[in-house]
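K.L.:
predicted model and sequence follow; I will ask about them next.
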Amino acid sequence: MNCQGAKRTSPRSRSAALCGAVLCGALLAVVGPARAEEEGSTGAEMRTEIAGYADLARKAADESKWPLADHFLGLLAAVDAPAKEKKAAFRALAEDYEKKHLLSRAIAIYGKMTELYPDDSDTPELIFHVGLLYRESGVPKLAIARFYTVLNSSLKFGMQDLAGYRALAQRAQWEIAETLFLTGDFVKAQKYYELLSRLDLPAAEQARVQFKMTHCLFITDNVAGAIASAKSFLGKFPDDASAAECRYLLASAYRTQRRSPEAFDTVLALLRAETARKEKEPEKWIYWKKKAGNEFANSYYQQGDTVSALTIYQAIARLSDEPEWQWPVLYQMGLCFERLRHGDRAADTYKYLMDEAKKPGREADKLPEILRTILEMAHWRSRQLAWSNTAAVSLQKLLSNPLAAVPPEAIKP
């Protein structure tokens, strides 16, 4: 394993190399000569030697002395011992690096293992794991290359454990699709999801694949395809954890096609779904109910479809009794009632907000600014409604009870 640094050896690096040589000498003095020099070395001594090199490599890494850590890893690889013993030490080191989020170091060790033991049955799994680490490190191209390597390893490993290889190959295909999706290549990702959908997958995997296909179709503006895929998904997996988001995508696709009635019905179907019986990720259902309800209600209100907006506001107001969520929704309901000329119901809504603010712990100085603003607007609109009602009553009095009609003969020419 190479490390970066200046071409000329600095006093510091010479010191590290000298330190490594001293430590190696001390280690060999303790654990005895390697098997290559002494055939009578016992299994216990061998394991001690492996553990010693691994421990020294780990300590050097902890102190960020990477050249020294690489040196001890090289010595570990050179120990004349069964591969199983050395691989366990390599794996422990790599896992330790992962825990410390030193992913490049972990990748290097796993890569070294695949080079040293290319014919081992667990090598494809190691390559697959390296692909995941590359993606986590922000190098998607190298990640995809490793997943392809897993797919191409069928000639060497596929016949040894056919079922195991097929499972790993499916995982590699899925991760290729996921990596493409995460990098924004939705067209290629959709093709991979489609290939996966043709496999004989468990129901949960089928649901995951079809939802991702739907998402890709929607993002790439294949609206008709997204609608068909979403309807198919909801017909097969209505209670899946992704069903809530799928309904949101379906409603959004209908809105894109200006099919307002279908969009409205889809949002209502989402809001009326029983969250309590959704055992998988109930918080996910609540999130998408809130997002879809708030977004579509606001859209309908802005378009002047006040009845549709009010219907959705009334449904989402029940999703949470937290003031941060409920008060803005109730205020919008009040505005809808005013538009529909239901002044009394609007006044009741604003009064409810003001009464809620009088509860202990909800003093103005303890409320977030947004809630204080909503209360101020509710107060103002309540006063406006009261003034409008008073003015209307006064006008009605003026217009009722007109004076007696003047007889025609009393009118002088």
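P.N.:
Cool, got the structure.

K.L.:
show residues contacting stretch 319-330.
P.N.:
With C-beta atoms under 8 Å, 6 or more residues apart in numbering as the test, stretch 319-330 has contacts from 286, 289-290, 293-294, 313, 316-317, 349, 352-353, 356, 362, 367-368, 370-371, 374-375. (C-beta placed from N, C-alpha, C; glycine too.)

K.L.:
buried ones in it?
P.N.:
319, 323, 326-330 (16 or more other C-beta atoms under 10 Å).

K.L.:
with pLDDT and secondary structure added, can I get those residues in TSV?
P.N.:
Output for the buried residues of stretch 319-330, formatted as TSV (pLDDT from 0 to 100; DSSP: H, G, I helix; E, B strand; the rest coil):
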residue	pLDDT	secondary structure
319	93	helix
323	94	helix
326	95	helix
327	95	helix
328	96	helix
329	97	helix
330	96	helix
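
K.L.:
below-threshold pLDDT in the stretch 201-350 of the chain: ranges please.
P.N.:
By pLDDT under 70, the low-scoring segments of the stretch 201-350 of the chain are 275-280.

K.L.:
let me redo that: the stretch 1-150 of the chain
P.N.:
When residues are selected by pLDDT under 70, those of the stretch 1-150 of the chain lie in 1-42.

K.L.:
which residues of it fall in strands?
P.N.:
Assigned by DSSP state E, counting those that start in this stretch, the stretch 1-150 of the chain shows no strands.

K.L.:
residue boundaries of the helices in it?
P.N.:
With DSSP state H, counting those that start in this stretch, the ranges of helices along the stretch 1-150 of the chain come out as 11-31, 43-62, 66-78, 83-99, 103-116, 123-136, 140-152.

K.L.:
what's the third one packed up against?
P.N.:
On a contact count with 3 or more C-beta pairs under 8 Å, 6 or more residues apart in numbering; DSSP states H and E, helix 66-78 meets helix 11-31, helix 43-62, helix 83-99, helix 103-116.

K.L.:
check the last one too.
P.N.:
Under the contact criterion of 3+ C-beta pairs under 8 Å, 6+ apart, the helices and strands touching helix 140-152 comprise helix 123-136, helix 162-182.

K.L.:
go on, the fourth one?
P.N.:
Under the contact criterion of 3+ C-beta pairs under 8 Å, 6+ apart, helix 83-99 touches helix 43-62, helix 66-78, helix 103-116.

K.L.:
what's the angle from the shortest one to helix 103-116?
P.N.:
This means helix 66-78. Counting by axes from the mean of the first three to the mean of the last three C-alpha atoms, to 10 degrees, helix 66-78 lies at 20 degrees to helix 103-116.

K.L.:
oh, and call the first residue 18 from now on, that's how I've got it
P.N.:
Sounds good: first residue 18 from here, last item helix 83-95.

K.L.:
what residues of helix 83-95 count as buried?
P.N.:
Quick answer for helix 83-95 (16+ other C-beta under 10 Å): 83-90, 92-93.

K.L.:
for stretch 127-143, same thing?
P.N.:
For stretch 127-143, the neighbour count (16+ other C-beta under 10 Å) marks 127-131, 134, 137, 140-141, 143 as buried.

K.L.:
tally of neighbours for residue 375?
P.N.:
The number of residues packed around residue 375, counting by other C-beta atoms under 10 Å, is 8.
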